[in-house]
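Q: Take this sequence and fold it.
(chains A and B)
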Amino acid sequence: SQTIHQWPATLVQPVGSPLSLECTVEGTSNPNLYWYRQAAGRGLQLLFYSVGIGQISSEVPQNLSASRPQDRQFILSSKKLLLSDSGFYLCAWSVQGARSQQFFGPGTRLTVL
Amino acid sequence: RKEVEQDPGPFNVPEGATVAFNCTYSNSASQSFFWYRQDCRKEPKLLMSVYSSGNEDGRFTAQLNRASQYISLLIRDSKLSDSATYLCVVNDFGNEKLTFGTGTRLTIIP
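A: Here you go, the predicted model:
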């Protein structure tokens, strides 16, 4: 069966520090991968998605970046965190092709102080 | 206009009651529809897909109205464990992305 892992589960970082969040998927090949952010009391905002290794689509301008160095690994990074980067970061995967449901990882709760 | 709109609630409903949520979407070319459930401080999980003919899963019924561009979720005989935020989700034609509504918060009261 397929599983999706994210770490760390929680993170407290000072403003201006770098960020690296990792997501890995097991039990499937060539998945679509997604990074979302959910700010307190708000909906899910799609940040990046990837349909293959090295292929990243950015949905919103921001100081975050994403990379997909391996088929089932998706990394979210920042060189300098802002206060507004605080939120609940969720990684998700889906089978290639439209109409497909997405499966979410447990998320990383990031607080920038 | 938002791509996917939901009444944020909160809906406070007594245990055993029936509750219904609606969700409207703006893109008439939207192709797939889902309801997700999100518990407090947890990740969203698929509750059910929504099919053109409507579908039922136990106490849950989902309906799609393409002409009016809305989907609905009906929960019968509500349980305390149904308390959660319910997210309406839409996938557009030829698109690998899903668009999430901001969610409707439901609290079942004993």
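Q: quick one: what helix or strand has residue 37 in it?
A: All of this is about chain A. Take DSSP states H and E as the rule and residue A:37 turns out to sit in strand A:32-38.
Q: The intended chain is chain B.
A: Residue B:37 is located in strand B:30-38, with elements delineated by DSSP H and E.
Q: what's the burial count for residue A:113?
A: Burial of residue A:113 is recorded as 10 neighbouring residues (other Cβ atoms under 10 Å in any protein chain shown). Just so you know, the C-beta spots here come from the backbone N, C-alpha and C atoms, and that holds for glycine as well.
Q: measure whatever residue of chain A ends up closest to chain B to residue A:62 for me?
A: When scored by Cβ to the nearest Cβ, chain A has residue A:43 as its residue closest to chain B, at 3.5 Å. Using Cβ to Cβ, to the nearest Å, we find residue A:43 at a distance of 16 Å from residue A:62.
Q: Could you point out the helix or strand that follows the host helix or strand of residue B:99?
A: Taking DSSP H and E as the definition, one finds residue B:99 inside strand B:98-100. Remark: after strand B:98-100, the chain's next helix or strand is strand B:104-109, criterion DSSP H and E.
Q: Return the distance of that following strand from the chain's centre.
A: 13 Å (Cα atoms, centre = their mean, to the nearest Å).
Q: So what does the spatially closest residue to residue B:4 that is not a sequence neighbour look like in phi/psi?
A: Nearest-residue entry for residue B:4: residue B:101, 4.1 Å, with adjacent residues in sequence omitted and distances by Cβ to Cβ, 6 or more residues apart in numbering or on different chains. With angles defined as degrees, to the nearest 10, residue B:101 shows backbone torsions of phi -70, psi 170.
Q: dump the residue contacts of residue B:101.
A: Residue B:101 makes contact with A:43, B:2, B:4-6, B:23, B:87-89, according to Cβ atoms under 8 Å, 6 or more residues apart in numbering or on different chains.
Q: Return the residues in contact with residue A:63.
A: For residue A:63, the set of contacting residues under the criterion of Cβ under 8 Å, 6+ apart consists of A:78-82, A:85.
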